[in-house]
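Undergrad: what's the 3D shape of this:
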Amino acid sequence: MAKDTVTVEELAAKIFAASGGMENVETVNHCMTRVRMTVRDHDQVDQQGLKDIPGVMGVVNDEQLQVIIGPGKVNKVANAMVAQAGVDLGQEIPQTNQSGKDALSAKTAEMKAAQKAKQKQSPIKSLLKDISNIFVPMIPAFVGAGLVAGIASVMTNMITAGRLDGDTWNYYVMILNVLKNGMFTYLAIFTGVNAAQVFKANPTLGGVIGSVILLSGMNPEAPIQNLFTGEALLVNQGGILGVIFAVWLLAKLEAVLHKVIPEAIDIIVTPTLCLLIIGLAEIFLIMPLAGVISDSLVGSINWVLNVGGAFSGFVLGAAFLPMVMFGLHQILTPIHIQMIEATGSTQLLPILAMAGAGQVGAALALWVRLRKDKELTEMIKGALPVGILGIGEPLIYGVTLPLGRPFITACIGGGIGGAVIGALSTIGATAIGPSGMALIPLIANGRWLGYIFGLLAGYAGGFVATYFFGIPKDRLAAVQSLDTTSTTTAPQATPEKTTATPAQATTTTFYAVAKGETKALTESSDPVFRQKMMGDGYFVLPEDGAIYAPVSGTVTTVFPTKHAIGFQTAAGLDVLLHMGVDTVELKGAPFEILVEAGQEVTAATQVAQVDLAQLVQQQKATEMLVMITNMDAVSTVEVVKIGETSAGEAVLHAK
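TA: Alright, predicted model coming up:
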């Protein structure tokens, strides 16, 4: 069937078939570019079959099976898949050939295996990955609701500033707020549902646990008291992170109860106990603890405000985003009101607005450094306009927080912008309103140029801090590998240029990089290399850890994770030496790099020393792979030696 005639339903069915059948797929979800599946047995997945399906742009088979479809179409394919399975997005697809006990046993075994797998990762990486999986499905809604909120914010602030007639425009603002509140008012519920799916709890129970912080049934005249302070609990106290923690506890409790509660009453007893135990813990422990923290912050904030100047601006600008995430920003509202009553404006709000500017700058830096990561750049493109208008959730939860380090550098950028505002000292807002560019109409006494200067400082601070210090090294290395894959996959189509290049007219000799057995690339254990997606070449199974340069040329790149080195020959060929398979996650531990970027090398230059025993212990293939990554510059590749070779022995010619 022609590629352009494959329907969404046919594509969905083909993906199921190549994923081991519908019985092998546990859940189906999607992000902006990929269908994300949790599969029961990865060995049943036909990765090559998936890649061969018309409409599939690529496949990543990690903890999740990810099939790259592309923006605009991926949601249609994912919805068609769950429709064929008779479930909803993220809902477990039942195994019809299993009894209840068999399914429960299989599920228990799977959860144990998943927990063991997670134990091999660092806790921070595991946490960030879970946070990413929780918020990625929400990104389209964040972007849409955020843009609506941004428009409403600008209109609201202009009405407050007297630039628009309230009698005419308030009605339209109300309509826009109704639309955006569907997302942001109930964000805790959506977070609870997604967190439950990530942590393997019941999604509906997760949503209920998320809704607890809304305190929707509380009588305002007789509020629930904070056990530690005796004061009333506040709505959203504990914030989104409190919800995630509570749902994580829910998943742990639910798993235990499923094991000990008899099957006949499990459906009644387990959810009831879960809701009572976790819900009460959330109300009387998690939320009050956040309240204790907020109360202790009041004194600290007042002290910082009294110090004043750039110091106060930096501290408040840098600390505001973490406060928002914990739901502690509400403690600042009385301070804003007091300032407005006393002076006619709040000088605190413009400082806090710089936190969003730091996020914008960080996102721009990520876009520049990781621009070949299509999924990330799609998120950034959607979230940036929203962030500029002062709606920070898409950038926080979809971009910087899941990556970890960029969130910290974004906060530093916010601190720099806050320091500028604090140093100017006379910039205030006449009312409490949204931040970002949307706050400009509320800036008092015509000082909006100073506010814009602070925003630019926040953008610049977030950008510089993230560009130089905030890019995760493992993510950068992985993106560089993906970049190479994408650039060598596209030229498989008929090249537009047919004239010979200098590289095509010159023969380049490639050498065995170690003493051992040289093999054709098609025998690699990794399907990406085996299918020559990154280019043609060969690999060596080494007898020792001394690894030499595959060509004469210049070292162009040493990957931060030390598992790969890039070279360029005098003829213009880009060559990648990839040491081991799936070794990027080892963070460089088995590798000692002996060269640096810009260094000239020959086949006699030892470029690395590899601990082969450690690779074997980590269950990683010891293949030392060599590939030409700009295959459009090559007309012919000739293998001249396969089998036992010595380091430095010629094994391949390319011209």
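
Undergrad: how about the secondary structure of residue 228?
TA: Under DSSP: H, G, I helix; E, B strand; the rest coil, the three-state class of residue 228 is coil.

Undergrad: burial count for it?
TA: Residues lying near residue 228 (other CB atoms under 10 Å) number 13. Heads up, the C-betas are built off the backbone N, CA and C, glycines and all.

Undergrad: same deal with the one 4 residues further on?
TA: Residues within reach of residue 232, counting by other CB under 10 Å, total 15.

Undergrad: not counting sequence-adjacent ones, nearest residue to it?
TA: Among residues not flanking residue 232 along the chain, residue 223 sits closest, at 3.7 Å (CB to CB, 6 or more residues apart in numbering).

Undergrad: could you give the number of residues near residue 168?
TA: Using other CB under 10 Å, residue 168 has 9 neighbouring residues.

Undergrad: got the CA coordinates for the host helix or strand of it in CSV?
TA: For residue 168, the host element (DSSP states H and E) is helix 166-184. The C-alpha trace of helix 166-184 is given here as CSV (Å, rounded to 0.1, in the frame of the first residue of the first chain):
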residue,chain,number,x,y,z
GLY,A,166,-14.2,47.6,31.8
ASP,A,167,-17.9,47.7,31.0
THR,A,168,-17.2,46.6,27.4
TRP,A,169,-14.3,44.1,27.9
ASN,A,170,-14.9,42.5,31.3
TYR,A,171,-17.5,40.1,29.8
TYR,A,172,-14.9,38.8,27.2
VAL,A,173,-12.3,38.5,29.9
MET,A,174,-14.7,36.4,32.0
ILE,A,175,-15.3,34.0,29.0
LEU,A,176,-11.6,33.6,28.5
ASN,A,177,-11.0,32.9,32.2
VAL,A,178,-13.7,30.2,32.1
LEU,A,179,-11.8,28.5,29.3
LYS,A,180,-8.4,28.7,31.0
ASN,A,181,-9.7,27.8,34.5
GLY,A,182,-10.6,24.4,33.2
MET,A,183,-6.9,23.7,33.1
PHE,A,184,-5.3,25.7,35.8
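
Undergrad: who touches it?
TA: Applying CB atoms under 8 Å, 6 or more residues apart in numbering, the contact partners of helix 166-184 are 141-142, 144-146, 148-149, 151-152, 155-156, 159, 190, 393.

Undergrad: so after that helix, what's the next helix or strand?
TA: Tracing the chain C-terminally past helix 166-184 and defining elements by DSSP H and E, one meets helix 187-199 next.

Undergrad: same for that following helix, what does it pack against?
TA: For helix 187-199, the packing partners by 3 or more CB pairs under 8 Å, 6 or more residues apart in numbering; DSSP states H and E come out as helix 123-135, helix 203-211, helix 239-260.

Undergrad: tell me the pLDDT of residue 221.
TA: pLDDT for residue 221: 84.

Undergrad: pLDDT below threshold where in the stretch 101-250 of the chain?
TA: For the stretch 101-250 of the chain, the stretches with pLDDT under 70 are 101-125, 128-129, 132, 136, 139, 142-143, 146.

Undergrad: give me that answer again for 90
TA: In the predicted model, the stretch 101-250 of the chain carries pLDDT under 90 at residues 101-168, 177, 180-188, 191, 194, 197-201, 216-242, 244.

Undergrad: without its sequence neighbours, what residue ends up closest to residue 17?
TA: Going by CB to CB, 6+ apart, residue 17 has residue 49 as its nearest residue, at 7.7 Å.

Undergrad: just checking, the one you found touches residue 21?
TA: No - if you go by CB atoms under 8 Å, residue 49 and residue 21 don't touch, sitting 11.8 Å apart.

Undergrad: and those two? which has more neighbours close in?
TA: Neighbour totals were compared for residue 49 and residue 21, and residue 49 leads with 15 against 10 (other CB under 10 Å).
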